[in-house]
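K.L.:
I would like to see how this sequence folds:
(2 chains)
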Protein chains: 2
Amino acid sequence: MNNTQAIYAESRGWLPEPTLRRLPWYLAYVVMLRRDDVEYVSSRGIADAIGVDASQIAKDLSHLGVRGKTRIGYEVAALERELRDFLGFSSGHNAVIAGVGSLGGALIQDRGLQRYGLNIVAGIDTNPNLVGTRAGGIVIFGYESLRELIDEHDITIGIVAVPASQAQETADRLIDAGIRAIWNFTPFRIRVPEGIVITNTSIYSHLAVMYNRLDSQSRTKE
Amino acid sequence: MNNTQAIYAESRGWLPEPTLRRLPWYLAYVVMLRRDDVEYVSSRGIADAIGVDASQIAKDLSHLGVRGKTRIGYEVAALERELRDFLGFSSGHNAVIAGVGSLGGALIQDRGLQRYGLNIVAGIDTNPNLVGTRAGGIVIFGYESLRELIDEHDITIGIVAVPASQAQETADRLIDAGIRAIWNFTPFRIRVPEGIVITNTSIYSHLAVMYNRLDSQSRTKE
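P.N.:
Alright, predicted model coming up:
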């Protein structure tokens, strides 16, 4: 994306990924401050706590339209609220989860997702023995129910937690049925048509990075 | 890191993060091919399937020391084995998990981690009521047992799955006790001393990116 495109995109509320990844760090820190009954925090104070440059923090927060007061800083409670709203954590986004095996079953049980605005309203599985049963409080359906589920519950997000070999096919089916964003938890690189949002949380590729850094440091010490 | 530093780092087996994140995509694809009894694959074939440039794939795979044969390509079974070994997925890395609440409990149950070389051998929790109980087959200990556990089981990795407000303190305790890599699942930005590996899997910041892209696309359509 060039500069003109970036400015146009920002006018529609689109923000660069690095900014969107830093904002939750600030939120996590101000939640701590609020619990400790701290009333105000400066960008310098956030900077010292989490190791991000103060001017970067001020710039990131300017996207939210919040301004710190000179010599006082940001009001902690207001900043927490603004960050939560801006990041979409205070509004509900309905999701369906495809694959309720090991990882999918685990994700359903993570209550943290709900606190960050994600409601997993139904599970989808190809295994006919699972259809009609419940996992972590949600009902599992077959793929033939997908379109109806999406319409009925206004579902925009499809979580892909199937084996990697079924990832692309699963995403295609979700998109065909009306899903607008794919959250891919498999190591497979899913391809989506233009206009569909794809987010990869590749837990196992993070392991690869961690192992490499550990090995490489062991060799440095030798 | 400048170019000289990068070359020096690579001599110790250090690889850039983008490369380490692409390699698991190739692995996921060759696992599919092997299951379908395909014997050879070219970098062009991988490129078409997962949407990465063929020359990039050939360059990435050259780090492993595997070379494709002209007009035939890579042997699928050998490539799978090489990728698994190179990424550290075929050797065991012992880990302790701090925090066995909602997300921690879910991670323990994800059998996928074991297949990617991670053995979670024990849980650690501050809650005295949990100490001595089991979660997902592993025993939960108090922090006073940490040093002994690490020595006894040769544990290098500490998974941080506590509430964000306790993330930094938890990481400090793990590092004090001898942990060499922190895998942070909280939204808090943990700071570690030099020489300690830190890997962040911030599930909730991925949600923020996804929500932003969805909203921004809705506005484009208006």
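K.L.:
quick one, phi psi at the closest residue to A:Glu75 other than its chain neighbours?
P.N.:
Of all residues not flanking A:Glu75 in the chain, A:Tyr40 sits nearest, at 6.0 Å (CB to CB, 6 or more residues apart in numbering or on different chains). (C-beta placed from N, C-alpha, C; glycine too.) Per-residue torsions, A:Tyr40: phi -130, psi 150 (degrees, to the nearest 10).
K.L.:
Check A:Ala171 too.
P.N.:
According to degrees, to the nearest 10, A:Ala171 has phi -60, psi -40.
K.L.:
on that earlier part again, need the contact list for the residue nearest to A:Glu75.
P.N.:
A:Tyr40 makes contacts with A:69, A:72-76, as judged by CB atoms under 8 Å, 6 or more residues apart in numbering or on different chains.
K.L.:
and of those residues, the nearest to chain B?
P.N.:
Within the contacts of A:Tyr40, proximity to chain B (CB to the nearest CB) peaks at A:Val76, which comes in at 13.8 Å.
K.L.:
Could you tell me how far that closest one is located from A:Leu33?
P.N.:
Distance, A:Val76 to A:Leu33, by CB to CB, to the nearest Å: 5 Å.
K.L.:
quick revisit: which one among the contacts of A:Tyr40 sits at the bottom for pLDDT?
P.N.:
Scanning those for pLDDT, the low point is A:Lys69. It has 86.
K.L.:
ok, now how distant is that one from A:Arg180?
P.N.:
A:Lys69 is 39 Å from A:Arg180, by CB to CB.
K.L.:
Neighbour count for these two, which is higher?
P.N.:
Using other CB atoms under 10 Å in any protein chain shown as the criterion, A:Lys69 and A:Arg180 rank with A:Arg180 on top: 18 against 10.
K.L.:
Now for A:Ile198: which residues touch it?
P.N.:
A:181-182, A:184, A:190, A:192.
K.L.:
Okay, buried residues for stretch A:191-198 please.
P.N.:
A:192, A:196-198 (16 or more other CB atoms under 10 Å in any protein chain shown).
K.L.:
Looking at those, which two lie furthest apart in space?
P.N.:
In the buried residues of stretch A:191-198, two members sit farther apart than any others by CB to CB. They are A:Val192 and A:Val197, at 7.8 Å.
K.L.:
what touches both of those two?
P.N.:
With CB under 8 Å, 6+ apart as the test, A:Val192 and A:Val197 both reach A:Ile182.
K.L.:
all strands of chain A, in order?
P.N.:
For chain A, applying DSSP state E gives strands covering A:40-41, A:74-75, A:93-98, A:118-124, A:134-135, A:138-141, A:157-160, A:181-184, A:197-200.
K.L.:
B:Thr133 is nearest to which of those?
P.N.:
Nearest of the strands of chain A (CB to CB): strand A:134-135, 23.0 Å.
K.L.:
what about the closest one, average pLDDT?
P.N.:
pLDDT averaged over strand A:134-135 gives 89.
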